[in-house]
Each structure stands twice: as structure tokens, then as C-alpha cells.
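[1] Quick one: sequence and predicted model below, then my questions.
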Amino acid sequence: VVYKPKSGLPGCAEKLLERTIRNSCETVILGNLHPRSSISITVQEIQNRGSLLSCCINSTCMALLDSGVSMRYLMAAVSCAINDNGGIIMDPNTLQEQSSVAVLTFVFENCNYGVITVSAKGCYTLDQFQQCLSKCRDASKYVFQFFKDSISKKLSKQ
């Protein structure tokens, strides 16, 4: 996986983003069905309005699905932020992320809605983590439905 920022060269933060995307993809791709092969994924940032990691993972999953790569299951990422009052903001924009005390991104699989990856920045309690996990798991069902609708729409045109 290669992540290219909107401008300039990738730094430490971009390399961490790249590694998180790669680890999530390695979990879902059935690599043993592609011996002596390489699957290259390039993610180019065009615009960042917040929830960048979840956007990158979701677009990567759609690209893998569209290209016909064999996967164990689909993955969907959902981000949330915890504000100063302890409120949870789903799919935060850049300003909300910057003003929050914590930002969490969860990646779920579509079979049992189990967690594949968690990325978290900031301070939060165990109770806040559990609330975020529950809300993000519920939101991931809408992402999976979007995947299904998009693929159905594409296949119906052919």
C-alpha cells in the first residue's frame, strides 16, 4: 500500500496511515489464492474534510471489490470523535477532529461485524470507548449497505 498526500512527500503520519491501511487489507485479502503475485494499492489524497483514515479504508475496500480480488469478507471503517463534553460525533470533519479530545476509527468485517482494526488518538475512558464501538458498529451496517447498492448498480448497467 502506498499513500500519497495531496502535496509534498509523505511524512511519519502518512506512513502510519499507510501501515494501518495495509494491515487492514492484509487481514481481508485471501493472499494464498494469489501465489507469486503482488497486489499494489495506491491511495491518493485529493481532499481531506475529516475522517481520512475511514475514507481511505472504505475506498480501498471498494477498489478491491471492483477489481475482483478474493477476500475473506468486506471491511468498513467508521470514525468518531469525542468532544470536550463527552459527546460522540460520528464521521467528524477536520475542525471537529481538531477540537475533540479523542478520535477513534474502527474497521469492521461484514460477517459478524467483528473488529479488524482500531486506530485511536487522544484520551478517553473505557466507557467512552465502548460507546464509540457500539455506535460505529451500527454505522458500519450503512456503509456495507452502500457497498452492496453500489455494486448492484454497477452490475445492473452491464
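    Arrived safely.
[2] can you pull the buried residues of the least confident helix or strand in the chain by mean pLDDT?
    Least confident helix or strand, the chain: strand 2-4 with a mean of 83, by mean pLDDT, DSSP states H and E. Using 16 or more other Cβ atoms under 10 Å as the test for burial, strand 2-4 gives Tyr3. The way it works is simple: take the backbone N, C-alpha and C, and place the C-beta from them, glycine included.
[3] same for the very next helix or strand once past that strand, what does it pack against?
    Per DSSP states H and E, the first helix or strand lying C-terminal to strand 2-4 is helix 12-28. Contacts defined by 3 or more Cβ pairs under 8 Å, 6 or more residues apart in numbering; DSSP states H and E place helix 12-28 against strand 2-4, helix 52-67, strand 75-82, strand 115-122.
[4] Please work out which of the ones you listed is packed deepest.
    strand 75-82 (a mean of 26; mean count of other Cβ atoms under 10 Å).
[5] Tell me the gap between that strand and the middle of its chain.
    Centroid separation for strand 75-82 versus its chain: 7 Å, with Cα atoms, centre = their mean, to the nearest Å.
[6] what are the pairing partners of that strand, and which direction each?
    Strand 75-82 sits in its sheet next to strand 88-90 (antiparallel), strand 102-109 (antiparallel), going by DSSP bridges.
[7] nearest to Lys6, of these?
    Between Lys6 and those, the tightest spacing by Cβ to Cβ is seen for strand 102-109, at 19.4 Å.
[8] pLDDT averaged over the closest one, what's the number?
    When pLDDT is averaged over strand 102-109, the result is 94.
[9] circling back to that earlier point, any chance of the helices and strands packed on helix 12-28 in JSON lines, plus distance to Phe106?
    Output for the helices and strands packed on helix 12-28, formatted as JSON lines (distance: least, Cβ to Cβ, whole Å):
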{"stretch": "strand 2-4", "distance to Phe106": "19"}
{"stretch": "helix 52-67", "distance to Phe106": "8"}
{"stretch": "strand 75-82", "distance to Phe106": "6"}
{"stretch": "strand 115-122", "distance to Phe106": "6"}
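[10] Noted, bye for now.
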